[in-house]
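Enquirer: Sequence plus the predicted model coming up.
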Amino acid sequence: MRRTLLPFALIALTACSENGLLTAGPGQDVAGLIDVSPSQLTFGTLRQGEADIQSFVVTNVGTANLLVDDFEPTGSASFALVDPPSDFLLAPDDAIAIDVQFSPMGSDAQIGSILVHSEDPANPEIPVDLLGTGAVPQLQIDPPDYDFLADFVGCGNNVEVHLKNVGDDDLTISAVDYADPDGQLSLESAPALPITLAPGEQTSAWVAWDPTVEASAQGTMRVTSNDPRGVVSATQEAEGVFATTQNDHFDVPVDPPVDILFAIDQSCSMDAHATQLANSFSSLIQGISQVTDGWQIGVATMDDGCFNSGILTANTPNLQSVFANAVTVGDDYSVANTEKLFAIVQSALSHTYSGCNAGFLRSDALLHVVVVSDEYEQSGISPSSFVSTVRSYKSSPSLVKVSGIICSPSGCGHADGSDTYYRDAVSMTGGIRLDVMGTNWGSYASQLAAASLSGLNTYPLSHNPAPSSITVTVNGQQWNSGWHYDSGTNEIVFDTTPPQGASVDVGYGVLVACN
């Protein structure tokens with residue numbers, strides 16, 4: 001730092017100071033006249049890290065004290081005052097030298113000025129022009145600011161951001177960082193770092209806009225390099241909007257409907273298993289009746305798929321004995337399809353609209369198919385084809401479940417892989433698999449009852465939602481937990497069962513097809 005006090009007499013009206021500057025006091029005469037010279041400081045060409053200091057002189061050429069208020073830098077940040085004084089008084093004919101440092105913060109011509117403010121009535125503001133040349137690397141980010149404008153939630157876009165060396169020396173980029181508090185704007189890609197760009201060379205980074213909520217967003221790209229400025233930033237902004245919003249209303253049914261279709265192998269090795277199933281029937285009904293009396297059961301064992309004892313309900317007389325008789329109708333000599341339960345189920349369903357099983361399928365009911373066999377599936381129908389056929393009878397895949405009391409994975413081995421067909425159908429629909437060779441059929445019945453009820457708490461949405469926008473209210477009270485959104489089936493699934501008869505409203509922003 002350098003400040004030169006020129007050898008003029010400094011006279012204080014109230015007190016003298018060692019450096020010749022006077023502190024302004026109330027009531028003092030400050031109608032001095034200012035002279036600033038030179039009017040321009042010209043620095044040479046400097047490289048990165050170099051600096052030069054030059055001075056200009058402020059003189060009071062009047063006959064009274066002069067109050068100098070301020071030194072105001074403008075223009076390029078390459079110029080800086082060196083320890084400038086605060087406001088002070090200059091006595092007549094006194095002068096002070098003010099130091100200015102030039103350290104290039106940019107390439108090529110750097111232009112600035114120092115505005116000297118005083119209470120000279122004729123010249124209250126006098127500029128000192130500053131000129132220097134920088135021979136340094138300089139990063140230019142293009143575009144420095146970018147607006148993605150509004151786009152639909154779930155869509156979005158990206159933009160290429162050019163990083164160019166517009167300076168006169170090699171530019172080395174060491175880091176490219178990105179910040180967006182909401183995470184909707186992000187750095188999609190950047191060059192491998194560090195990277196050095198010769199003067200005139202450029203590289204690119206990409207910023208992605210991925211709107212997930214209906215809100216505005218602003219992100220900042222920060223590029224660190226050997227540009228004298230250190231970190232240079234660029235901003236991007238955007239706004240996410242919904243094309244429309246939707247409210248889906250549901251009424252939780254009282255005694256929600258459940259349709260259970262048993263298909264039972266009648267080969268001779270199944271006699272004991274059929275008896276075990278019949279004996280456990282009361283446990284099945286007891287478990288279901290804890291939640292609903294709106295159940296129906298059909299039992300199919302014959303080739304035509306007609307239910308052996310019709311459609312069983314809570315009002316069927318002698319229900320236990322009727323079910324026991326139904327599961328034992330037929331034998332391996334009279335039923336050609338007895339080990340082809342996929343075929344029997346498809347036949348049974350084909351008669352539900354009109355025919356022997358008419359009235360069994362209800363549009364809003366869960367259809368739970370339970371296959372019972374100690375052999376592999378032998379109809380030649382693939383699991384995917386079977387599941388697709390069963391689902392075609394319902395409005396939503398979530399209204400179909402296939403469970404099986406079947407061979408364990410180590411049993412029913414067959415070379416063509418069909419030994420897994422029953423297990424595959426169970427897995428595809430989220431059913432349960434029970435070991436036909438097990439002994440605790442009472443527990444099996446309870447598990448089947450639970451599986452039959454698990455689909456009652458699903459509610460299909462009419463449009464594709466933005467998941468973060470979904471709100472659920474039950475009887476006018478918002479539920480922030482106790483449910484989740486299943487994107488695979490586009491449904492709200494209640495983990496906590498809402499009360500029977502409750503009113504459920506699901507509001508959300510609708511996602512649309514993107515251009």
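Expert: Received, thanks.
Enquirer: Going C-terminal from the host helix or strand of residue 236, what's the next secondary structure element?
Expert: Counting by DSSP states H and E, the element that carries residue 236 is strand 231-241. Tracing the chain past strand 231-241, the next element assigned as helix or strand by DSSP H and E is strand 245-251.
Enquirer: Which strands and helices lie in contact with whatever helix or strand comes next after that following strand?
Expert: The helix or strand immediately downstream of strand 245-251 is strand 258-264, counting by DSSP H and E. Other helices and strands packing on strand 258-264, by 3 or more CB pairs under 8 Å, 6 or more residues apart in numbering; DSSP states H and E, are helix 271-279, strand 295-300, helix 341-350, strand 366-372, helix 441-453. Where you see a C-beta, it was placed from the backbone N, CA and C, and this is true even at glycine.
Enquirer: For residue 405, find the nearest of the ones you listed.
Expert: With respect to residue 405, and counting by CB to CB, the nearest of the helices and strands packed on strand 258-264 is strand 366-372 at 4.5 Å.
Enquirer: List the contacts of that closest one.
Expert: The contact list for strand 366-372 (CB atoms under 8 Å, 6 or more residues apart in numbering) reads 257-265, 270, 273-274, 277, 341-342, 345, 361, 377, 390, 393-394, 399-406, 422, 425, 431, 436, 448, 451-453, 455-456.
Enquirer: Please spell out the ChimeraX selection for the buried subset of the residues you listed.
Expert: With 16 or more other CB atoms under 10 Å as the criterion, this ChimeraX line picks the buried residues out of the contacts of strand 366-372:
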select :257,258,259,260,261,262,263,264,265,270,273,274,277,341,342,345,361,377,390,393,394,399,400,401,402,403,404,405,406,422,425,431,436,448,451,452,453,455,456
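Enquirer: OK, contacts around residue 431?
Expert: Under the criterion of CB under 8 Å, 6+ apart, the contact partners of residue 431 comprise 368, 401-404, 425, 451.
Enquirer: show me where pLDDT drops low in the stretch 1-150 of the chain?
Expert: Across the stretch 1-150 of the chain, the stretches falling below the confidence threshold (pLDDT under 70) are 1-31.
Enquirer: at 50 what do you get?
Expert: Across the stretch 1-150 of the chain, the stretches falling below the confidence threshold (pLDDT under 50) are 1-30.
Enquirer: any chance you could map the strands in it?
Expert: With DSSP state E, counting those that start in this stretch, the ranges of strands along the stretch 1-150 of the chain come out as 34-37, 40-47, 52-60, 66-75, 79-81, 88-90, 95-102, 108-118, 125-135, 139-142, 145-152.
Enquirer: Quick check: which of these is buried the most?
Expert: Among those, strand 88-90 has the highest mean neighbour count (mean count of other CB atoms under 10 Å), at a mean of 24.
Enquirer: just checking, what packs against it?
Expert: Under the contact rule (3+ CB pairs under 8 Å, 6+ apart), strand 88-90 is packed against strand 52-60, strand 66-75.
Enquirer: Show me which pair in the contacts of residue 431 is furthest apart.
Expert: Pairwise distances among these were taken by CB to CB; the largest, 13.7 Å, belongs to 425 and 451.
Enquirer: Would you reformat the helices and strands packed on strand 88-90 as CSV and include distance to residue 188?
Expert: CSV is the format used below for these (distance: least, CB to CB, whole Å):
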stretch, distance to residue 188
strand 52-60, 43
strand 66-75, 36
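Enquirer: First-to-last residue distance for stretch 433-447?
Expert: Chord length of stretch 433-447, first to last residue, is 10 Å (CA to CA, to the nearest Å).
Enquirer: List the contacts of it.
Expert: 273, 276-277, 279-284, 287, 372-374, 403-408, 411, 422-423, 426-427, 432, 448.
Enquirer: Can you tell me which of the contacts of residue 431 end up in helices?
Expert: When DSSP state H defines the helices, the subset of the contacts of residue 431 inside them is 425, 451.
Enquirer: now the contacts of residue 431 as JSON lines including distance to residue 504 and pLDDT?
Expert: As requested, the contacts of residue 431 are arranged in JSON lines below (distance: CB to CB, whole Å; pLDDT from 0 to 100):
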{"residue": "368", "distance to residue 504": "23", "pLDDT": "94"}
{"residue": "401", "distance to residue 504": "22", "pLDDT": "94"}
{"residue": "402", "distance to residue 504": "27", "pLDDT": "96"}
{"residue": "403", "distance to residue 504": "27", "pLDDT": "94"}
{"residue": "404", "distance to residue 504": "32", "pLDDT": "93"}
{"residue": "425", "distance to residue 504": "31", "pLDDT": "96"}
{"residue": "451", "distance to residue 504": "23", "pLDDT": "83"}
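Enquirer: any idea which of the contacts of residue 431 is the one closest to residue 508?
Expert: Taking CB to CB as the measure, residue 508 lies nearest residue 401 of those, at 26.2 Å.
Enquirer: quick one, what contacts the closest one?
Expert: Residues near residue 401 by CB under 8 Å, 6+ apart: 366-369, 429-431, 451-452, 454-455.
Enquirer: List the contacts of residue 230.
Expert: Shown here is residue 230, whose contacts under the criterion CB under 8 Å, 6+ apart are residue 224.
Enquirer: If we use 6 Å, what do you get?
Expert: Under the criterion of CB atoms under 6 Å, 6 or more residues apart in numbering, the contact list for residue 230 is empty.
Enquirer: can you confirm residue 321 is in a helix?
Expert: Yes. Under DSSP: H, G, I helix; E, B strand; the rest coil, residue 321 falls within a helix.
Enquirer: how near is it to residue 105?
Expert: Computed as CB to CB, to the nearest Å, the residue 321 to residue 105 distance reads 96 Å.
Enquirer: neighbour-wise, which of those two wins?
Expert: When residue 321 and residue 105 are compared for neighbours, residue 105 comes out ahead with 19 against 12, by other CB atoms under 10 Å.
Enquirer: residues contacting that one?
Expert: Neighbour list for residue 105: 77-78, 228-229 [criterion: CB under 6 Å, 6+ apart].
Enquirer: quick one: which two of these are the most distant?
Expert: Using CB to CB, the pair of the contacts of residue 105 lying farthest apart is 78 and 229, separated by 10.1 Å.
Enquirer: if you count what's nearby, which of these two comes out ahead?
Expert: With other CB under 10 Å as the criterion, residue 78 and residue 229 differ in neighbour count, and residue 78 comes out ahead with 23 against 14.
Enquirer: From residue 111, how far off is that one?
Expert: Here the distance between residue 78 and residue 111 works out to 9 Å (CB to CB).
Enquirer: again, but for residue 316
Expert: For residue 316, the distance to residue 111 equals 98 Å [CB to CB].
Enquirer: now swap in residue 170 and tell me
Expert: When distances are taken as CB to CB, residue 170 and residue 111 turn out to be 25 Å apart.
Enquirer: what's the answer for residue 390, then?
Expert: Distance of residue 390 to residue 111, given as CB to CB: 80 Å.
Enquirer: Check residue 38 too.
Expert: With CB to CB as the criterion, residue 38 and residue 111 are 16 Å apart.
Enquirer: what do you get for residue 228?
Expert: In this structure, residue 228 and residue 111 are separated by 16 Å, where distance is defined by CB to CB.
Enquirer: Quick check, pLDDT for the residue nearest to the spatial centre of the chain.
Expert: A centroid search over the chain (CA atoms, centre = their mean) returns residue 212, at 5.6 Å, as the residue closest to the centre. At residue 212, the model reports a pLDDT of 89.
Enquirer: can you check the one 10 residues further on too?
Expert: Per-residue confidence at residue 222 stands at 98 (pLDDT).
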